[in-house]
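Visitor: sequence first, predicted model second:
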Amino acid sequence: PVKLKEMNGLLITLIFTSFGISQGVMAQSRLLEGVKRNPDDAKSICQNFRELNKQNISAGSPKSLQKISTQKNISEVDAEILSMYVRGLYCPETF
């Protein structure tokens with residue numbers, strides 16, 4: 001009986017963990033889809049990257065990621081993912 005309770009607890013933990021992970025993936029997917037559907041947004045982000053690059057600041061720098069995070073009201077982790085996605089598709093010449 002004790003092992004059954006432990007198994008149920010583990011199962012519940014796994015369910016909630018996988019739900020949390022899938023929610024995070026879905027949120028990131030919506031974020032990337034939003035940029036894909038709105039290329040002007042991506043172009044604006046690229047312009048910010050180019051301005052930073054002129055100052056020898058990387059698009060992946062904490063300063064850049066914090067700016068994206070604040071502008072988009074997203075976490076800095078999501079800002080980093082968005083930054084890589086936008087650079088890869090819209091402005092690969094930026095660093």
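Guide: Everything's here; your move. Worth saying up front: this structure is predicted, and the values here are computed from it rather than measured. Numbering: from 1, shown residues only.

Visitor: okay, CA-based contacts and neighbour counts for the rest of this
Guide: Noted.

Visitor: chain neighbours aside, what residue packs nearest to M84?
Guide: Closest residue to M84 apart from its sequence neighbours, by C-alpha to C-alpha, 6 or more residues apart in numbering: G60 at 7.8 Å.

Visitor: what count of nearby residues applies to the one you found?
Guide: Using other C-alpha atoms under 10 Å, the number of residues around G60 comes to 18.

Visitor: and for I68?
Guide: I68 has 22 nearby residues by other C-alpha under 10 Å.

Visitor: ok, back up a step: hang on, isn't the residue nearest to M84 packed against L82?
Guide: No. Contact status for G60 versus L82: not in contact, 10.1 Å apart, counting by C-alpha atoms under 8 Å.

Visitor: ok so, going back, show the pLDDT at the residue nearest to M84.
Guide: What the model reports for G60 is a pLDDT of 95.

Visitor: what's it in contact with, if anything?
Guide: 80, 83-84, 95 (C-alpha atoms under 8 Å, 6 or more residues apart in numbering).

Visitor: and the residue nearest to the spatial centre of the chain, how far from P39?
Guide: In the chain, the centroid-proximal residue (C-alpha atoms, centre = their mean) is D78; its distance is 2.2 Å. D78 is 18 Å from P39, where distance means C-alpha to C-alpha, to the nearest Å.

Visitor: pLDDT below threshold where in this structure?
Guide: Counting by pLDDT under 70, the ranges of the chain that qualify are 1-9, 16-28.

Visitor: now do 90
Guide: Filtered on pLDDT under 90, the chain yields the residue ranges 1-32, 34, 36.

Visitor: can you show me the strands along it?
Guide: Counting by DSSP state E, no segments of the chain form strands.

Visitor: tell me where it has helices.
Guide: For the chain, applying DSSP state H gives helices covering 2-37, 39-54, 62-72, 76-90.

Visitor: so what does the shortest one touch, helix or strand wise?
Guide: With contacts taken as 3 or more C-alpha pairs under 8 Å, 6 or more residues apart in numbering; DSSP states H and E, helix 62-72 sits against helix 76-90.

Visitor: and the helix it packs on, what's buried?
Guide: Buried residues in helix 76-90, defined by neighbour count with 16 or more other C-alpha atoms under 10 Å: 76, 78-87, 90.
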